[in-house]
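**Student:** Here is the input, now give the coordinates:
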Amino acid sequence: MKARPGYAANKNKVLARLRRIEGQVRGLTKMVDEERYCIDVLTQVAAAKAALESVSVTLLEDHMQHCVADAIKTGDGTEKVREVSAAIGRLVRS
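**Tutor:** Here you go, the predicted model:
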């Protein structure tokens with residue numbers, strides 16, 4: 001049986017947020033196509049980036065509460081902790 005991802009309980013929330021972000025990105029494309037003012041486009045880019053970061057935090061929290069916690073409980077948490085540390089590092093550098 002395939003293990004459920006940590007975000008399974010929040011799947012609909014995550015999907016809804018990603019769909020809104022997808023709409024924001026389409027809006028950015030339209031703004032550039034319409035040659036809107038640079039600062040307005042940059043403001044919307046920042047909003048889309050913040051929205052993606054919010055989704056990332058939700059996914060990280062769910063992963064730590066589910067996958068990492070379960071691995072620690074079963075005595076095999078070292079690799080999961082390493083994995084989540086690397087993921088946080090990628091997010092911080094992006």
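
**Student:** Where do the helices of this protein begin and end?
**Tutor:** Secondary structure of the chain (DSSP state H): helices located at 11-33, 38-63, 69-73, 78-93.

**Student:** could these go into JSON lines alongside distance to Ala3 and mean pLDDT?
**Tutor:** The C-beta positions use only the backbone N, C-alpha and C, and glycine is treated the same way. Listed next are the helices of the chain as JSON lines, based on distance: least, CB to CB, whole Å; pLDDT from 0 to 100:
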{"stretch": "helix 11-33", "distance to Ala3": "14", "mean pLDDT": "97"}
{"stretch": "helix 38-63", "distance to Ala3": "12", "mean pLDDT": "96"}
{"stretch": "helix 69-73", "distance to Ala3": "9", "mean pLDDT": "93"}
{"stretch": "helix 78-93", "distance to Ala3": "12", "mean pLDDT": "93"}
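
**Student:** can I get these in CSV with mean neighbour count?
**Tutor:** Below are the helices of the chain laid out as CSV (neighbours: other CB atoms under 10 Å):
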stretch, mean neighbour count
helix 11-33, 13
helix 38-63, 14
helix 69-73, 14
helix 78-93, 12
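
**Student:** Report the central residue of the chain.
**Tutor:** Ser56 (2.4 Å; CA atoms, centre = their mean).

**Student:** How much space separates the nearest residue to Ser54 once chain neighbours are set aside from Ser85?
**Tutor:** Leaving aside its chain neighbours, Ser54 sits nearest to Arg17 (7.1 Å; criterion: CB to CB, 6 or more residues apart in numbering). Per CB to CB, to the nearest Å, Arg17 is found 24 Å from Ser85.

**Student:** do Leu52 as well
**Tutor:** 20 Å.

**Student:** And His63, by the same measure?
**Tutor:** Distance of His63 to Ser85, computed by CB to CB: 12 Å.

**Student:** Kindly report the same for Ala69.
**Tutor:** From Ala69 to Ser85 the distance is 15 Å (CB to CB).

**Student:** With Tyr7 instead?
**Tutor:** Distance, Tyr7 to Ser85, by CB to CB: 19 Å.

**Student:** now swap in Asp40 and tell me
**Tutor:** From Asp40 to Ser85 the distance is 38 Å (CB to CB).
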